[in-house]
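1. how would this look folded up:
(one chain, ligands or ions: 1)
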Amino acid sequence: MCGIIGYIGTKNAIPILINGLKRLEYRGYDSAGIAFLQVNGFSVSRCAGKIRELERSIRGEKLRAKIGIGHTRWATHGRPSEENAHPHRSGGIVVVHNGIIENFYELKDDLKTKGHVFSSETDTEVICHLICDYEKKGLSFRDATRAALGHLEGAYAIGVINESEPDRILAVKNDSPLVIGLGKKEFFIASDIPAFLKYTRDVIFPENGEMAEITTEGVSISNFRKNRKVTRKATRITWSPTMAEKGGYKHFMLKEIYEQPRAIADTIRGRFSLEKAGVNLDEFGLKESLLKRVSKIFLVACGTSWHSALIGKYMIEDMARIPCEVDIASEFRYRQPLIPRGSLVIVITQSGETADTLAAQREARKLGARVLSICNVVGSTSSREAHGVFYTHSGPEIGVASTKAFTTQLTALYLFSIAMAKAKGKLKDKEITELFSELLQLPEKVETALKIDGAVKKIAKKYCKVRDFLYLGRGINYPIALEGALKLKEISYIHAEGYPAGEMKHGPIALIDNDMPVLTLAPNDNVYEKILSNMEEVKSRGGKLIAVAVEGNRKAASHSSETLLMPETNYYLTPIIFSIPLHLLAYHMAVLKKCNVDQPRNLAKSVTVE
Ligand code: F6R
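-> The predicted structure is shown next:
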């Protein structure tokens, strides 16, 4: 997730910008840059890599400036490089941006026909060119920016400075975070409070659709669509710097669980068209003609990403009727897989750097398969070595236990399955628009699902001293049972197992006694009655049942000691909603056991060795 900083005031802006960027490092980034005003105009310094590289590039120069903007980039469009790093510039207009401009391809084509020359692969660069274009038509800086904003679709927080009006910063917020810091004759803009907490604790949070015009005299906020002034009250921040980095959450894992509505919205942004009933395939390097020829799919991954792969099989086979095989990457690479002609291998990896997944990916290519990577990190090895990439855009995941990366992988697989089904003629346009409509409601449903947190915490209190835990699911939610168990064991060190519920009688039922908590996933699907019978089997042997079911389900409640009722969605998206209480349960159990939630013992975020 990119980080923005901006300063206008009486002090030297440069150390303030650099310091601000360092405070935003926790958001994850792959390149950085600053722009500041000197006597002969704006200077822009950018580099791929760490902020210390940026510092090195300007060290020794006697730089002073009273106004500037800076940026840490978490790549979404275009690999991490100096050219793609922000700030971007067109004429005298310099811009930093956090978010995604959905319609940037069309805007870029249009601007190119008007003679604009682009120097990066980013979506951001269209913003400065658009503003510049309007300024050339005689509009003031403010009006040119407003006019440019009228073209943008997507999520953005933007900071803009202009050589011809060097006494002001314009800052815009639309669905991406932005906060303004209020000092004495000095003001800050940032993606997050820690960037300027050292200088002021008084802040304003602009709302979506608002633009702030900031000079050393003060801040004026307006609704940029209605061109109407608005008043926003200042708030005093009492958080410590570490609390502020985690957005007030105690751990990154909890913050990332709560970020899921935004992360899912970013994953689906600009990815499909309701009118055309189709997924936008261009971005993934896949053509419909290629999908038409696919006769078999292999899904390959490790850990939580492997759970996504298992769910992906249910989605693809059900929607597109193409046979899928799922492999753990460390098995695939050594099992000499038989890859027939027409095979597509989908590797799923949050980091894009997992050694076993990369080895499996290389093996698949060697055996002649096309490879699609579902990946969260732009420019990662997996994304570079694949034929096509579906970026999940969930923002950096810092907690070792994967949460938002998992649910956005499932969102990507849902979209891929629809694209595949359309190419194969297995879904009608009407069915596809219904699937899209449900997807559009998903971020809100996830938001509702998160309200279960208090109830989950109570359950965690009751069970946090147990030694073992069992998770049961069936069908598309069986991998969610595996995921619940993996999360619990990795962060709370409680021994946990996930099973397909129908497998109980073949062994695990022997474990059930009065001390064994059993969490059962019971959505209203085709195997609902079967799972009720499995719950009966547990109950009659004294097991303590926790049921996750859909709102309004009284039957599941009567079968269990605790019931967590979740919002209803379609069959394919249920695993996303049902993973939420399981991730929260693991989190609370680990906190109650005083475990190091964000960095569990023996684990690394990115497993780059075999
Ligand atoms: C579990 C977890 C790991 C990763 C696995 C693969 O919470 O995070 O199991 O899912 O190490 O990592 P990626 O997806 O980066 O390939």
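
2. list the contacts of the closest residue to R262 other than its chain neighbours.
-> Distances taken as Cβ to Cβ, 6 or more residues apart in numbering put P443 closest to R262, at 7.3 Å, once the chain neighbours are dropped. C-betas here are computed from N, CA, C, even on glycine. Residues counted as contacts of P443 (Cβ atoms under 8 Å, 6 or more residues apart in numbering) are 260-262, 264-265.

3. helix, strand or coil for the closest residue to the ligand within the stretch 501-610 of the chain?
-> For the stretch 501-610 of the chain and the ligand, the shortest gap (Cβ to the nearest ligand atom) falls at V607, measuring 4.9 Å. For V607, the reduced secondary structure class is coil; criterion used: DSSP: H, G, I helix; E, B strand; the rest coil.

4. quick one, phi/psi of it?
-> phi -90, psi 90 (degrees, to the nearest 10).

5. and if you look at R46?
-> The phi/psi pair for R46 (degrees, to the nearest 10) is phi -140, psi 160.

6. assess the claim that it and H86 are in contact.
-> Yes: counting by Cβ atoms under 8 Å, H86 is a contact partner of R46 at 7.2 Å.

7. looking at the two, which one has more neighbours?
-> H86 (30 against 23; other Cβ atoms under 10 Å).

8. circling back to that earlier point, for the residue nearest to R262, helix, strand, or coil?
-> P443 ends up helix, using three-state DSSP.

9. doesn't N477 lie inside a helix?
-> Yes: under three-state DSSP, N477 falls within a helix.

10. who's in contact with it?
-> 521, 523, 525, 574-575, 578.

11. from the ligand, how far off is L54?
-> Using Cβ to the nearest ligand atom, to the nearest Å, one obtains 27 Å as the distance from L54 to the ligand.

12. spatially nearest residue to E444, not counting backbone neighbours?
-> P261 (7.1 Å).

13. CA atoms of the helix or strand that contains that neighbour as CSV?
-> Using DSSP states H and E, P261 sits within helix 260-268. What follows is helix 260-268, C-alpha atoms only, in CSV (Å, rounded to 0.1, in the frame of the first residue of the first chain):
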residue,chain,number,x,y,z
GLN,A,260,-10.6,-7.1,4.2
PRO,A,261,-13.6,-5.1,3.0
ARG,A,262,-11.2,-2.5,1.4
ALA,A,263,-8.8,-5.2,0.2
ILE,A,264,-11.6,-7.2,-1.6
ALA,A,265,-13.0,-3.9,-3.1
ASP,A,266,-9.5,-3.2,-4.5
THR,A,267,-9.2,-6.8,-5.9
ILE,A,268,-12.4,-6.4,-7.8
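
14. and that helix, what does it pack against?
-> Identification of packing neighbours for helix 260-268 by 3 or more Cβ pairs under 8 Å, 6 or more residues apart in numbering; DSSP states H and E yields helix 404-423, helix 429-449.

15. reformat those helices as CSV; add mean pLDDT.
-> Shown next, in CSV, are the helices and strands packed on helix 260-268 (pLDDT from 0 to 100):
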stretch, mean pLDDT
helix 404-423, 97
helix 429-449, 98
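
16. residues contacting the residue nearest to A234 when sequence neighbours are not counted?
-> The shortest distance from A234 to any non-neighbouring residue, by Cβ to Cβ, 6+ apart, is to D202 (5.0 Å). With contacts defined as Cβ under 8 Å, 6+ apart, D202 is in contact with 181-183, 234-237.

17. list the beta-bridge partners for D202.
-> R236 (DSSP bridges).

18. how many other residues sit next to the nearest residue to K233 once chain neighbours are set aside?
-> Distances taken as Cβ to Cβ, 6+ apart put I204 closest to K233, at 7.5 Å, once the chain neighbours are dropped. Residues lying near I204 (other Cβ under 10 Å) number 20.

19. show me the contacts of N477 that map onto strands.
-> Among those, the ones falling in strands (DSSP state E) are L521.

20. out of the contacts of N477, list just those in helices.
-> 574-575, 578 (DSSP state H).

21. tell me the helices and strands packed up against the one helix or strand V96 maps to.
-> Element membership of V96, judged by DSSP H and E, is strand 93-101. Helices and strands touching strand 93-101, by 3+ Cβ pairs under 8 Å, 6+ apart, are strand 3-8, strand 31-38, strand 67-73, strand 88-90, helix 125-136, strand 154-162.

22. so it versus helix 260-268, what angle?
-> Per axes from the mean of the first three to the mean of the last three Cα atoms, to 10 degrees, the angle that strand 93-101 makes with helix 260-268 is 100 degrees.

23. look up how far the ligand lies from the residue nearest to A234.
-> 38 Å.

24. returning to what we had before: packing partners for whichever helix or strand comes after the helix holding P261?
-> Counting by DSSP H and E, the element after helix 260-268 in chain order, helix or strand, is strand 272-273. Judged by 3+ Cβ pairs under 8 Å, 6+ apart, strand 272-273 is in contact with no other helix or strand.

25. what sits up against strand 272-273?
-> With Cβ under 8 Å, 6+ apart, strand 272-273 has contacts from 278-280, 415, 418, 436, 439.

26. kindly recompute the last result at 6 Å.
-> The contact list for strand 272-273 (Cβ atoms under 6 Å, 6 or more residues apart in numbering) reads 279, 436.

27. that one pairs with which strands?
-> strand 278-279 (antiparallel).

28. quick one: mean pLDDT over the strand it pairs with.
-> Mean pLDDT, computed over strand 278-279, is 95.

29. how far out from the middle of the chain is it?
-> 21 Å (Cα atoms, centre = their mean, to the nearest Å).

30. what's the first helix or strand after that strand?
-> helix 288-293.

31. can you pull the buried residues of that following helix?
-> Buried residues in helix 288-293, defined by neighbour count with 16 or more other Cβ atoms under 10 Å: 290-291.

32. chain center to it, what's the gap?
-> On Cα atoms, centre = their mean, the centre of helix 288-293 falls 28 Å from the chain's centre.

33. who are the packing partners of it?
-> helix 404-423 (3 or more Cβ pairs under 6 Å, 6 or more residues apart in numbering; DSSP states H and E).

34. which stretches of the protein have low pLDDT?
-> Within the chain, the set of residues satisfying pLDDT under 70 comprises 60.

35. domains of it?
-> 3-97+155-241, 252-427, 452-592 (automatic domain parsing).

36. neighbouring contacts of the strand holding V96?
-> So strand 93-101 is contacted by 2, 4, 35, 42, 69, 71, 76, 86-88, 123-124, 127-128, 131-132, 152, 154-162, 176, 191, 269 (Cβ under 6 Å, 6+ apart).

37. M504 versus the residue of the stretch 251-400 of the chain at minimum distance from the ligand, what's the distance?
-> As assessed by Cβ to the nearest ligand atom, the ligand sits closest to G303 within the stretch 251-400 of the chain, at 1.9 Å. According to Cβ to Cβ, to the nearest Å, G303 stands 24 Å off from M504.

38. and A244, by the same measure?
-> Distance from A244 to M504, by Cβ to Cβ: 47 Å.

39. on that earlier part again, weed out the non-buried ones from the contacts of D202.
-> 181-183, 237.
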